[in-house]
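A.B. asks: Dropping a prediction and its sequence here:
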Amino acid sequence: MSRTHQLVCGVDEAGRGPWAGPVTAAAVILDPARPINGLTDSKRLSEAKREALAPLIRERALAWCVAHASVEEIDRLNIREATFLAMRRAVEGLQHAPSLALIDGNALPGRLACEARAIVKGDLTEPAISAASILAKTVRDALMLELDAAHPGYGLGQHKGYGTAAHAEALARLGPAPCHRRSFAPVRAATIG
């Protein structure tokens with residue numbers, strides 16, 4: 001393995017916008033000796049392609065970690081700070097400490113244990129960020145399927161917690177489940193009682 005000071009991780013999140021479920025972040029240090037073809041922004045890939053790439057990333061990366069900030073943390077901190085918390089957890093959970101974190105977006109989480117650089121649309125230009133995007137999305141999607149089974153009626157497995165018309169209708173009919181973000185206006189408005 002290369003020396004620690006040369007390790008660069010990519011960091012991205014999934015689930016900032018949904019009304020339900022945690023926000024998920026991943027950090028990935030790619031191995032230049034084991035390239036992975038087809039890495040790009042997870043939103044540009046089909047579900048089948050993401051599901052095919054995720055195990056390759058886990059197998060070939062030098063290090064990877066997926067972390068979450070809970071619905072309770074989102075409601076307590078706000079979604080921006082909760083996203084940064086999940087990102088910090090992902091970076092801190094890596095098996096090798098990176099010297100630089102490349103973060104997708106235009107803002108950086110504070111208190112990272114390494115230097116960091118924000119890259120707008122980094123999931124399109126930096127393979128390590130693309131890999132992190134794919135891991136965060138696939139792990140969160142799987143978690144939303146579990147939440148769908150635990151809280152039937154909302155369609156969480158289909159829309160993954162995003163604010164679709166069907167989700168809004170279910171919220172109005174059923175009221176929020178424990179997995180809903182009560183700090184989000186549409187959920188707050190649907191709170192019964």
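C.D. replies: Structure's in. What do you need? Numbers count the residues shown, from 1 in each chain.

A.B. asks: Please determine how far Ile79 is located from Pro152.
C.D. replies: The spacing between Ile79 and Pro152, counted by Cβ to Cβ, to the nearest Å, is 25 Å. For every residue, glycine as well, the C-beta is placed using N, CA and C.

A.B. asks: Please say which of those two ends up with more neighbours.
C.D. replies: Ile79 (20 against 13; other Cβ atoms under 10 Å).

A.B. asks: ok, and the closest non-adjacent residue to that one?
C.D. replies: For Ile79, ignoring the flanking residues on the chain, the nearest one in space by Cβ to Cβ, 6 or more residues apart in numbering is Arg16 at 5.7 Å.

A.B. asks: In its sheet, which strands sit next to whichever strand or helix holds Ala25, and in what direction?
C.D. replies: Assessed by DSSP states H and E, Ala25 sits inside strand 23-29. Neighbouring strands of strand 23-29 in its sheet, by DSSP bridges, are strand 8-14 (antiparallel), strand 63-69 (antiparallel).

A.B. asks: Run through who's touching the last one.
C.D. replies: With Cβ atoms under 8 Å, 6 or more residues apart in numbering as the contact definition, strand 63-69 has outside contacts at 7, 9, 22-29, 57-58, 77, 82-83, 85-87, 89-96, 98, 131-132, 135-136, 139, 143.

A.B. asks: from these, which would you call buried?
C.D. replies: 7, 9, 22-29, 57, 82-83, 85-87, 89-91, 94, 98, 131-132, 135-136, 139, 143 (16 or more other Cβ atoms under 10 Å).

A.B. asks: rewinding a little: including mean pLDDT and distance to Ala189, could the strands paired with strand 23-29 go into JSON lines?
C.D. replies: JSON lines is the format used below for the strands paired with strand 23-29 (pLDDT from 0 to 100; distance: least, Cβ to Cβ, whole Å):
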{"stretch": "strand 8-14", "mean pLDDT": "98", "distance to Ala189": "25"}
{"stretch": "strand 63-69", "mean pLDDT": "98", "distance to Ala189": "23"}
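
A.B. asks: what's the longest helix in the protein?
C.D. replies: helix 127-150 (DSSP state H).

A.B. asks: now it, how far from the chain's geometric center?
C.D. replies: 6 Å (Cα atoms, centre = their mean, to the nearest Å).

A.B. asks: Can you name every helix or strand that it contacts?
C.D. replies: Applying 3 or more Cβ pairs under 8 Å, 6 or more residues apart in numbering; DSSP states H and E, one finds that helix 127-150 contacts strand 8-14, strand 23-29, helix 47-60, strand 63-69, strand 100-104, helix 122-125, helix 156-159.

A.B. asks: could the ones you listed be laid out in CSV, adding distance to Gly38?
C.D. replies: Putting the helices and strands packed on helix 127-150 into CSV (distance: least, Cβ to Cβ, whole Å) gives the following:
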stretch, distance to Gly38
strand 8-14, 15
strand 23-29, 15
helix 47-60, 6
strand 63-69, 17
strand 100-104, 18
helix 122-125, 13
helix 156-159, 25
